[in-house]
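Trainee: sequence and predicted structure, then a few things I'm wondering about:
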Amino acid sequence: MKKVLSIAGSDSSGGAGIQADIKTMIAHGSYAMTVITVLTAQNTTGVYGISEVAPEFVENQLDCVFTDIFPDAVKIGMVYNAAIIHSIAGKLKQYQARNIVLDPVMVATSGGRLLSDDSIESLKTELMPLADLITPNIPEAECLCGFGIHSRLDMVRAAKEIAATYAGSILIKGGHLFESADDFLLIQDRKGSEEVWFPGTKIDNPNTHGTGCTLSAAIACNLAAGAEMKVAVKKAKDYVSGALAANLDLGQGSGPLDHGFQLT
Ligand SMILES: Nc1ncnc2c1ncn2[C@@H]1O[C@H](COP(=O)(O)OP(=O)(O)O)[C@@H](O)[C@H]1O
Ligand SMILES: Cc1ncc(COP(=O)(O)O)c(N)n1
């Protein structure tokens, strides 16, 4: 069984963050491990509180995981502040973690801030260089490239702009902008570079809480299982589409995905 680690925040309503990642990993037949960075008091309508874990305790959790059950892949989600980012980066380097997927979580679907403003630079300089893949949504990609993204062409330009200072692969998720849900992948690895579009039909379901978390966790599981980047992303996108199409409708806001869709 492949072992996959999620480094992320807890979502009390179970739709995003650590909880979405564990559900995704189990559905992929992976063994799920977690390093919790923050607790959020959150539900489908908003984020109502954040309690940070001390950076030393984040390190303590990482030591326990890496010295005992070495993960085949690592997914990083909500990291919240510069001190936590610094702790994570130091430990991932120390243990030479592999197959790192970084979802640069900044703002929740419901609008709550999930990364402090002064941490964006740390995310860029400390965590991004360690990642094999980053998975920004449109607003996050805009923040990383410095210009507005309004079209498919802009998504390609943004990926190339980010690639000017980042050596790994970049998946820009189109969920926020278009009639369609097309995602753009710029692969950069030892073999060279390649551009791949993943066309997606927009599913008419407003319950999209946790789509980004789920996608990045699923990619990590697929990489852990040995899939090449293109295949890992394609399979993960199919998983998110299936979990959205199952039409679970929980809560009063943007509800969570149905991770049990393959069981029925
Ligand atoms: N309504 C939808 N129908 C189909 N796919 C969607 C829909 N909304 C988002 N997606 C897909 O879900 C994944 C997460 O995208 P997105 O919602 O943009 O990220 P985030 O949750 O980080 O904001 C992407 O693969 C995107 O194309
Ligand atoms: C703990 C945590 N991590 C990540 C997200 C982002 O997920 P989404 O963009 O789907 O709301 C979230 N809402 N909460």
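Mentor: Thanks, I have the structure now. Numbering: from 1, shown residues only. Ligands and ions are numbered 1, 2, ... in the order given.
Trainee: up against ligand 2, what does the protein have?
Mentor: Proximity of the chain to ligand 2 (CB under 6 Å from any ligand atom) is limited to residues 8-9, 11, 16-17, 40, 42, 77-78, 105, 108-109, 114, 209-213. Where C-beta positions appear, they are placed from N, C-alpha and C, glycine not excepted.
Trainee: low-confidence stretches in the stretch 51-200 of the chain?
Mentor: Where the stretch 51-200 of the chain drops to pLDDT under 70, the residues are 178.
Trainee: what segments of it are helices?
Mentor: Ranges of helices within the stretch 51-200 of the chain are 55-66, 82-94, 120-122, 138-145, 152-163, based on DSSP state H, counting those that start in this stretch.
Trainee: can you add distance to residue 217 and mean neighbour count and give these back as a markdown table?
Mentor: Shown next, in a markdown table, are the helices of the stretch 51-200 of the chain (distance: least, CB to CB, whole Å; neighbours: other CB atoms under 10 Å):
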| stretch | distance to residue 217 | mean neighbour count |
| --- | --- | --- |
| helix 55-66 | 16 | 17 |
| helix 82-94 | 16 | 19 |
| helix 120-122 | 22 | 16 |
| helix 138-145 | 17 | 20 |
| helix 152-163 | 21 | 18 |
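Trainee: which among the ones you listed is found nearest to residue 252?
Mentor: Ranking those by distance to residue 252, with CB to CB as the measure, places helix 138-145 first at 23.6 Å.
Trainee: does the closest one come close to ligand 1?
Mentor: No - using CB under 6 Å from any ligand atom, helix 138-145 stays clear of ligand 1, with a minimum separation of 6.5 Å.
Trainee: and residue 42, what does it touch?
Mentor: Shown in contact with residue 42 (CB atoms under 8 Å, 6 or more residues apart in numbering): 11-13, 16, 48, 108, 110, 112.
Trainee: for it, name its beta-bridge partners.
Mentor: As for beta bridges, residue 42 partners with residue 47 under DSSP bridges.
Trainee: how close does it get to residue 112?
Mentor: 7 Å (CB to CB, to the nearest Å).
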